[in-house]
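> below is the sequence, then the predicted model.
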Amino acid sequence: MNTIKAKQAAIDVVIIGAGAAGLSLLLALDEHNYTGTVKVLERRSGPQNDRIWSFWHSDAVPSYIESIVSHKWSTWSLMTQQGHYLMGHSFYQYCSVRSEHLSALAVERTSAQANIDVLFNCDIASIKAEDDGFIITTSSETLMAKQIIDTRPPALNSNHKGLLQCFYGEEIMLDAAIFEPSTVKLMDQLCRSALGIEFVYILPFSVNHALVEFTCFSIDIIDKETLKKRFAQIIKNIVKQHDYKVVRTEHAVLPMYSINQNRHEPHSDLIYGGIAGGAMRTATGYSFLSSQRWAKKCASALTQRTKLNAAALAPINSLYQKMDVIMLRVLRTDMKTGVTIFERMFERVKAERFARFMTEQATLLDILSVIWAMPKWAFLCAAFGSFFTRTASSNKKRER
């Protein structure tokens, strides 16, 4: 390919991946009336109805995302062998967005714009840095890009210091009215098991329609077949004698440890988004709202033609990152204590404080309330362990 022509045809922004982060950035660019050229590259064949993203409502939710929220619940619950705990709030409702609706919104808002293009069935073969941008080789063509935002999920690290969130679920429909549609079962049947910390997650869309997932926080990857076998036992107890239809399935292994590939990327014009860019709360697995904040900041900088700064675009405040590190150290050290932690959160923290903490919008009093609810000795040990680890690491760097 002629290099001069490639430079003349350079795309201002290439977004790799049409998942939550990639599409949220595309929508944020549209909201900011970005006039540069944008191309989204997605390896899958088209929009998928393969996942649901959930979050607590807050002021950080853009109006266009509000328009595609498929369900809202004003109460959410946790259940262990010790008891049943309920939280609720009229403003901080628990919300869900379907992947197919996010895709449809992105296509609807950008399809008529000449400067934006979304390509499916597009596998990335290579990315090569140039002095003034990147050359991207795909399965069908070669592109020149001034700026790349890579939102593809990172490979799992087997040598991590946190946990893995492994889950398998089915969206089901049946003739019987067995679900309570007003309440999300956030952590049902929560317990410590041989697999790790396990629980059942239920999003009830109606009395006979729900997403039911078996989830486990574990140190090692739990294979899909093991998860499915455990799920089969659980769903049998839920539906009892009733037949049901499976609408779709969900399965994933999510990293519950610190990830931000922007820290290790030598080329400042290649920015990572989504999980790879640090958008996931490591202690919870939630990332949708932080991706919205990141997308807004990223779109604003691109619209102002400001050079993207990975540190300024960090989706999650460092305070929450540090608290999550301590939380994961506690969970990893003693998973039985982990069950107690979640119980205490539901028993002792007000719903609005809990929701603000989960959405990284907590006040100082909210944070102190969460800390006060925790088992003190386990967290003090974890905090000191984290301090000594950082000190030892700093000393090693100075010795070099």
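It's in.
> ranges for the strands of the stretch 151-300 of the chain?
163-174, 183-192, 197-206, 209-218, 244-256, 270-272 (DSSP state E, counting those that start in this stretch).
> could these go into a markdown table alongside mean neighbour count and mean pLDDT?
Where you see a C-beta, it was placed from the backbone N, CA and C, and this is true even at glycine. Converted to a markdown table, the strands of the stretch 151-300 of the chain look like this (neighbours: other Cβ atoms under 10 Å; pLDDT from 0 to 100):
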| stretch | mean neighbour count | mean pLDDT |
| --- | --- | --- |
| strand 163-174 | 21 | 97 |
| strand 183-192 | 20 | 97 |
| strand 197-206 | 20 | 98 |
| strand 209-218 | 23 | 98 |
| strand 244-256 | 16 | 96 |
| strand 270-272 | 24 | 91 |
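> surely Arg356 is in a strand?
No: counting by DSSP: H, G, I helix; E, B strand; the rest coil, Arg356 is not part of a strand but helix.
> check what pLDDT it gets.
For Arg356, the pLDDT comes out at 96.
> quick check: phi and psi on Ala21?
phi -70, psi -50 (degrees, to the nearest 10).
> show me what contacts it?
For Ala21, the contact set (Cβ atoms under 8 Å, 6 or more residues apart in numbering) comprises 151, 273-275, 277, 279, 287, 291, 294-295.
> again, only this time at 10 Å
The contact partners of Ala21, by Cβ atoms under 10 Å, 6 or more residues apart in numbering, come to 15, 149-153, 272-277, 279, 287-288, 290-292, 294-295, 298, 315.
> and Ile371, by the same measure?
323, 326, 379.
> pLDDT of stretch 288-299, averaged?
For stretch 288-299, the per-residue pLDDT averages 95.
> okay, it in CSV with CA atoms only?
The C-alpha trace of stretch 288-299 is given here as CSV (Å, rounded to 0.1, in the frame of the first residue of the first chain):
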residue,chain,number,x,y,z
PHE,A,288,-20.4,-0.2,33.3
LEU,A,289,-20.7,3.1,35.1
SER,A,290,-17.0,3.7,35.3
SER,A,291,-16.9,3.0,31.6
GLN,A,292,-19.4,5.8,31.1
ARG,A,293,-17.3,8.3,33.1
TRP,A,294,-14.2,7.2,31.2
ALA,A,295,-16.0,7.6,27.8
LYS,A,296,-17.2,11.1,28.7
LYS,A,297,-13.7,12.2,29.6
CYS,A,298,-12.2,10.6,26.6
ALA,A,299,-14.7,12.1,24.2
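> distance from that stretch to the middle of the chain?
Chain-centre distance of stretch 288-299: 12 Å, with Cα atoms, centre = their mean, to the nearest Å.
> ok, the contacts of Ile371 vs Gly196, which is closest?
Nearest to Gly196 out of the contacts of Ile371 is Ile326 (Cβ to Cβ; 18.5 Å).
> picking up where we left off before, format the strands of the stretch 151-300 of the chain as TSV; extra columns: distance to Arg51.
Converted to TSV, those look like this (distance: least, Cβ to Cβ, whole Å):
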stretch	distance to Arg51
strand 163-174	10
strand 183-192	16
strand 197-206	12
strand 209-218	10
strand 244-256	6
strand 270-272	20
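> any low-confidence regions in the stretch 251-400 of the chain?
264-268, 377-378, 382-400 (pLDDT under 70).
> go again using 90 as the cut-off
Confidence mapping of the stretch 251-400 of the chain against pLDDT under 90 gives the ranges 258-270, 305-314, 332-338, 374-400.
> tell me where it has helices.
Assigned by DSSP state H, counting those that start in this stretch, the stretch 251-400 of the chain shows helices spanning 288-303, 318-333, 335-348, 351-358, 364-373, 376-399.
> for those, which one sits closest to Leu78?
helix 335-348 (4.6 Å).
> who touches the most centrally placed residue in the chain in this structure?
With distances taken as Cα atoms, centre = their mean, Ser287 lies nearest the centre of the chain, 2.8 Å away. If a contact means Cβ under 10 Å, 6+ apart, then Ser287 has 20-21, 53, 55, 254, 274-275, 277-281, 294, 315-316 as its contacts.
> got it, and His242?
Here His242 is in contact with 172, 174-178, 208 (Cβ under 10 Å, 6+ apart).
> count the neighbours of Ser67 for me.
Neighbour count for Ser67, taken as other Cβ atoms under 10 Å: 9.
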